[in-house]
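Visitor: my questions concern the predicted model and sequence given below.
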Amino acid sequence: MISGHGDDAYRYDCLIRSNFSSNVYAHVELEPLLTHLQGRLSAIRNYPEPEPYRLERALAEKLDIIPETVCVTSGATEAIYLTAMAFRGAHSTIFQPAFNEYADACRLHGHSVSSALPECPSPAPSTQALIWICNPNNPTGRVLSKAELSSLFLAQPDTIFVVDASYEFFTREPVLSAAEALRFPNLILLHSMTKRYAMPGIRLGYMTAPAALMKRIRDCRMPWSVNALAVEAGLYLVEHPETGPIDLDALLAETQRLRSALDALPGVSVRPTQTHFMLAALEKGRACDLKDTLARRHGLLIRDASNFEGLDETYFRIATQTPAENDSLVAAIAEWLSQ
């Protein structure tokens, strides 16, 4: 997966003016956080806590759960790999399409891996099994309801469900809170502070799960995996959750405007979405060619989505930015289609 993801502006020797390629809203005001971190730079002179105890306690208090059910990680990606390691050799079923790191992590740790569609989930095998679900889904933007998820968890009590809720902030659809999720003994919930606060470079996420599951995962964690500045950022954001305000209703309304504009272009179809990003497909041509043209000629970066399982070379994904940026993207795609 290392060479097939969004936010790969480093591949281009031209200026990227607008980045639609990662599911991060790029216009989050982080000056208060940056100022705070500037005052904490001396933290790099010492080792961080072997495990980020202070941040886990702070998150537990904020979420109204006990610290033993929280594990802070270096981004949600570390949580994915830790979970795969903790259940080494299991059978994993992944609801597709989905983030490729689920399958990569599982194969690295000796899992047998199969795929399923959310609307047609196959029963998990009788051996130790995990089912991985991205909700809200990346790349489609679809959200499974609490009722749909709960019925799955209850129907297969011997199966461990791993639900990646990295985009939980970016939808108005009801999703399981950490406290609600702890009612299910077979559920691991992944969370991302990176996405909400648009700080992918700092690598900060966490997972919540019943204490017994969490202990199994913690036992696999490498010491000092979360760096000192990430811990400082997390502590600040727990105490100041209003940092980087986002008008979610406005963002989602703009998402629907952008979706309609793109879907109206001859030669493009866009799937419905319940979050701030969307999956689109070309009727003719390849997404990789569209991506290169947009980057080199217009300084606009999109995500070639052809490496998601079940998708082909025609698919691309974009995340909503400002209205002006979105209009530039629509115009540039229309120009490419007309050639």
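Guide: Yes, it's here. Residues are numbered from 1 along each chain as shown.
Visitor: and the helix or strand harbouring residue 332, what does it pack onto?
Guide: Using DSSP states H and E, the secondary-structure element containing residue 332 is helix 323-338. If you count contacts as 3 or more Cβ pairs under 8 Å, 6 or more residues apart in numbering; DSSP states H and E, helix 323-338 packs onto strand 18-19, helix 248-263, helix 287-293, strand 300-301. For every residue, glycine as well, the C-beta is placed using N, CA and C.
Visitor: what about 10 Å?
Guide: strand 18-19, helix 248-263, strand 268-270, strand 277-282, helix 287-293, strand 300-301, strand 315-319 (3 or more Cβ pairs under 10 Å, 6 or more residues apart in numbering; DSSP states H and E).
Visitor: number of residues surrounding residue 112?
Guide: 14 (other Cβ atoms under 10 Å).
Visitor: thought it was touching residue 91?
Guide: Yes - if you go by Cβ atoms under 10 Å, residue 112 and residue 91 touch, sitting 4.9 Å apart.
Visitor: re earlier: can you redo the helices and strands packed on helix 323-338 as CSV with distance to residue 41, mean pLDDT and mean neighbour count?
Guide: Putting these into CSV (distance: least, Cβ to Cβ, whole Å; pLDDT from 0 to 100; neighbours: other Cβ atoms under 10 Å) gives the following:
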stretch, distance to residue 41, mean pLDDT, mean neighbour count
strand 18-19, 27, 94, 21
helix 248-263, 32, 98, 16
strand 268-270, 44, 98, 18
strand 277-282, 33, 98, 23
helix 287-293, 37, 97, 17
strand 300-301, 30, 97, 24
strand 315-319, 31, 98, 26
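Visitor: convert the C-alpha atoms of the helix holding residue 332 to CSV, please.
Guide: Extracted C-alpha coordinates of helix 323-338, given in CSV (Å, rounded to 0.1, in the frame of the first residue of the first chain):
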residue,chain,number,x,y,z
PRO,A,323,-16.3,26.2,-3.0
ALA,A,324,-13.7,28.0,-5.1
GLU,A,325,-11.4,25.0,-5.2
ASN,A,326,-14.2,22.6,-5.9
ASP,A,327,-15.4,24.8,-8.9
SER,A,328,-11.8,24.7,-10.2
LEU,A,329,-11.8,20.9,-10.0
VAL,A,330,-15.1,20.6,-11.8
ALA,A,331,-13.9,22.9,-14.6
ALA,A,332,-10.6,21.1,-15.0
ILE,A,333,-12.3,17.7,-15.2
ALA,A,334,-14.8,19.0,-17.7
GLU,A,335,-11.8,20.3,-19.8
TRP,A,336,-10.1,16.9,-19.7
LEU,A,337,-13.3,15.1,-20.7
SER,A,338,-13.8,17.4,-23.7
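Visitor: list the buried ones in that helix?
Guide: 325-326, 328-330, 332-334, 336-337 (16 or more other Cβ atoms under 10 Å).
Visitor: what is the nearest of those residues to residue 198?
Guide: Distance ranking of the buried residues of helix 323-338 against residue 198, using Cβ to Cβ, places residue 325 first at 14.6 Å.
Visitor: pull the distance from the strand or helix carrying residue 214 to the chain's centre.
Guide: Assigned by DSSP H and E, residue 214 falls within helix 211-218. Chain-centre distance of helix 211-218: 22 Å, with Cα atoms, centre = their mean, to the nearest Å.
Visitor: tell me the mean pLDDT for the helix or strand that it is followed by?
Guide: Next in sequence after helix 211-218, counting helices and strands by DSSP H and E, comes helix 228-239. Taken as a whole, helix 228-239 carries a mean pLDDT of 97.
Visitor: re the thing from before, check which helices and strands the helix holding residue 214 is in contact with.
Guide: Counting by 3+ Cβ pairs under 10 Å, 6+ apart, helix 211-218 packs on strand 70-73, helix 75-86, strand 160-164, strand 187-192, strand 205-208.
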